[in-house]
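Asks: sequence and computational prediction follow.
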Amino acid sequence: MFRSTPSRRILIVTDAWRPQINGVVRTLESIGRVLQAAGHDLHYLTPQRFWTLPVPTYPEIRLSLATRRAVARHIGMVAADHIHIATEGPLGLLARQYCLDRELAFTTSFHTRFAEYLAMRMPVPQPWTYGYLRWFHSAATRTMVPTPSLRQDLLDKGFRNLTLWSRGVDGERFHPGSKTWFTDLPRPHLLHVGRVAAEKNIGAFLELDVRGTKIVVGDGPDRLRLMRAFPDAVFLGYRHGEELGAIYRSADVLVFPSLTDTFGNVIAEALASGTPVAAFPVTGPLDVLSDPKAGALDADLGQAVLRALTLDRADARAHGERFTWEVSAAQFFQALEPVLAPSRKMRA
């Protein structure tokens with residue numbers, strides 16, 4: 001859809017970047033490849049340019065020790081037609097102020113429920129964090145959100161100028177095929193993929209009283225604790241590329257116990273692999289699993305697993321084919337705003 005447009009120079013500012021492995025990084029990298037293939041000049045401002053410090057209790061995430069001057073110099077050198085601020089951390093704050101100081105229009109996106117995540121680790125009331133997030137995004141021409149249910153939730157919390165930006169999946173990497181993993185483990189093979197952290201609610205999956213083998217792919221601060229608590233589960237650590245695709249294809253069900261994800265990229269990856277999904281009926285799964293033939297939603301996660309085991313893998317794959325990075329990149333591009341576009345008065 002955006003291939004016929006003139007080439008644009010786009011700057012994406014993000015506090016989340018490699019070596020982090022999460023949905024934000026995967027999304028920004030994936031749409032970047034599509035936009036570059038369409039002829040656009042894409043630039044990223046990431047923590048890789050600066051000294052960083054690890055986040056307490058979550059060392060995988062590192063915060064940039066960037067200065068206002070360094071960020072301004074980089075943004076000025078890029079001279080972008082469009083500026084998108086993807087995260088609300090130190091780099092996002094400095095880029096936001098740069099744009100406001102020069103009356104440049106910019107867009108933002110809402111990827112993560114930081115209010116809920118922070119409250120799990122520190123005694124910070126969620127309304128305080130949402131107040132900061134609302135203030136941060138209020139200066140943007142528009143804020144991109146991944147699902148209709150999240151959009152409504154944020155509107156109810158006082159956010160404005162929200163537009164939808166869905167997610168995609170690499171259909172060449174994640175596709176149906178033969179079962180090559182777990183052949184020596186009792187079936188059914190129940191899989192979880194994602195960060196092994198408190199906000200993912202993995203305990204709700206591992207505590208299920210269901211037959212078969214529970215398998216966890218990923219790493220994070222809760223991995224050792226969960227390995228000790230659930231010795232019968234199989235923990236594989238991070239897996240990537242074709243190996244990860246083969247793991248999805250070999251699973252009977254992906255179990256997605258998170259109550260706080262805004263989309264759930266791994267749901268789309270599982271569906272594209274022909275693997276049905278079991279999840280709670282909350283924001284993210286409610287939107288992605290809109291076809292009951294592709295996955296099962298239930299407040300009783302065990303019942304969702306049992307129903308998912310009865311679903312046809314071909315139906316899961318057919319639903320998963322709806323999510324492509326080409327469509328996602330087109331939505332992102334159409335939501336961008338020219339930096340010099342006339343717009344409403346931006347608020348600091």
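Replies: Received it, and whenever you're ready, just let me know what you need. Note that the coordinates shown come from a computational prediction; the quantities given were computed from them, not determined experimentally.

Asks: what about the helices in the protein?
Replies: Counting by DSSP state H, the chain has helices at residues 23-37, 68-78, 90-101, 114-121, 126-138, 148-156, 202-206, 223-229, 241-250, 265-272, 285-288, 301-308, 313-320, 325-335.

Asks: export those to CSV and tack on mean neighbour count?
Replies: The C-beta positions use only the backbone N, C-alpha and C, and glycine is treated the same way. Listed next are these as CSV, based on neighbours: other Cβ atoms under 10 Å:
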stretch, mean neighbour count
helix 23-37, 19
helix 68-78, 15
helix 90-101, 20
helix 114-121, 16
helix 126-138, 16
helix 148-156, 16
helix 202-206, 20
helix 223-229, 13
helix 241-250, 18
helix 265-272, 27
helix 285-288, 22
helix 301-308, 21
helix 313-320, 20
helix 325-335, 20
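
Asks: right, and those - which one's nearest A294?
Replies: helix 313-320 (3.7 Å; Cβ to Cβ).

Asks: contacting residues around the closest one?
Replies: If you take Cβ atoms under 8 Å, 6 or more residues apart in numbering as the criterion, helix 313-320 is touched by 169, 171, 174-176, 268-277, 289-291, 293-295.

Asks: that one to helix 265-272, inter-axis angle?
Replies: 130 degrees (axes from the mean of the first three to the mean of the last three Cα atoms, to 10 degrees).

Asks: of the contacts of helix 313-320, which belong to strands?
Replies: The strands, defined by DSSP state E, take in 277, 295 from the contacts of helix 313-320.

Asks: in PyMOL, how would I select the buried members of the contacts of helix 313-320?
Replies: Applying 16 or more other Cβ atoms under 10 Å to the contacts of helix 313-320, the buried members can be selected in PyMOL as follows:
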select buried, resi 169+171+174+175+268+269+270+271+272+273+274+275+276+277+289+294+295
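
Asks: how about the contacts made by the closest residue to S250 other than its chain neighbours?
Replies: Leaving aside its chain neighbours, S250 sits nearest to W181 (3.7 Å; criterion: Cβ to Cβ, 6 or more residues apart in numbering). Residues near W181 by Cβ under 8 Å, 6+ apart: 189, 246-247, 250.

Asks: for those residues, which one is nearest D15?
Replies: Closest to D15, out of all of the contacts of W181 and judged by Cβ to Cβ, is I247, at 29.0 Å.

Asks: distance of the closest one from H319?
Replies: Remark: distance between I247 and H319 (Cβ to Cβ, to the nearest Å) = 20 Å.

Asks: now do P221
Replies: Using Cβ to Cβ, P221 is found at 33 Å from H319.

Asks: now the two most distant members of the contacts of W181.
Replies: Distance extremes for the contacts of W181: the farthest pair is H189 and A246 at 12.4 Å, using Cβ to Cβ.

Asks: who's sitting farthest from the centroid in the chain?
Replies: In the chain, the residue that sits farthest from the middle, by Cα atoms, centre = their mean, is D184; the gap is 32.4 Å.

Asks: quick one, phi psi at that one?
Replies: phi -100, psi 10 (degrees, to the nearest 10).

Asks: read off the pLDDT value for it.
Replies: You'll see D184 listed with a pLDDT of 95.

Asks: so who does it touch?
Replies: Contacts of D184 by Cβ under 8 Å, 6+ apart: none found.

Asks: same question for F110.
Replies: Residues counted as contacts of F110 (Cβ under 8 Å, 6+ apart) are 133, 137, 143-146, 150, 154, 159, 162, 262.

Asks: now with 6 Å?
Replies: F110 makes contact with 143, 145 under the criterion Cβ atoms under 6 Å, 6 or more residues apart in numbering.

Asks: so how far is V145 from it?
Replies: Note on F110: its distance to V145, by Cβ to Cβ, is 5 Å.

Asks: and if you look at L45?
Replies: For L45 relative to V145 (Cβ to Cβ), the value is 22 Å.

Asks: N201 too?
Replies: 21 Å.

Asks: give me the number of residues near the closest residue to D252 other than its chain neighbours?
Replies: Of all residues not flanking D252 in the chain, P188 sits nearest, at 3.9 Å (Cβ to Cβ, 6+ apart). Neighbour count for P188, taken as other Cβ atoms under 10 Å: 19.

Asks: now the phi/psi pair for P188, please.
Replies: Torsion angles, degrees, to the nearest 10, at P188: phi -80, psi 160.

Asks: you'd agree it is up against G212?
Replies: Yes. Using Cβ atoms under 6 Å, P188 makes contact with G212 at a distance of 4.0 Å.

Asks: what's the neighbour count on the spatially closest residue to K214 that is not a sequence neighbour?
Replies: Counting by Cβ to Cβ, 6+ apart, A233 is the residue found nearest to K214 once chain neighbours are left out, at 4.4 Å. Using other Cβ under 10 Å, A233 is surrounded by 17 other residues.
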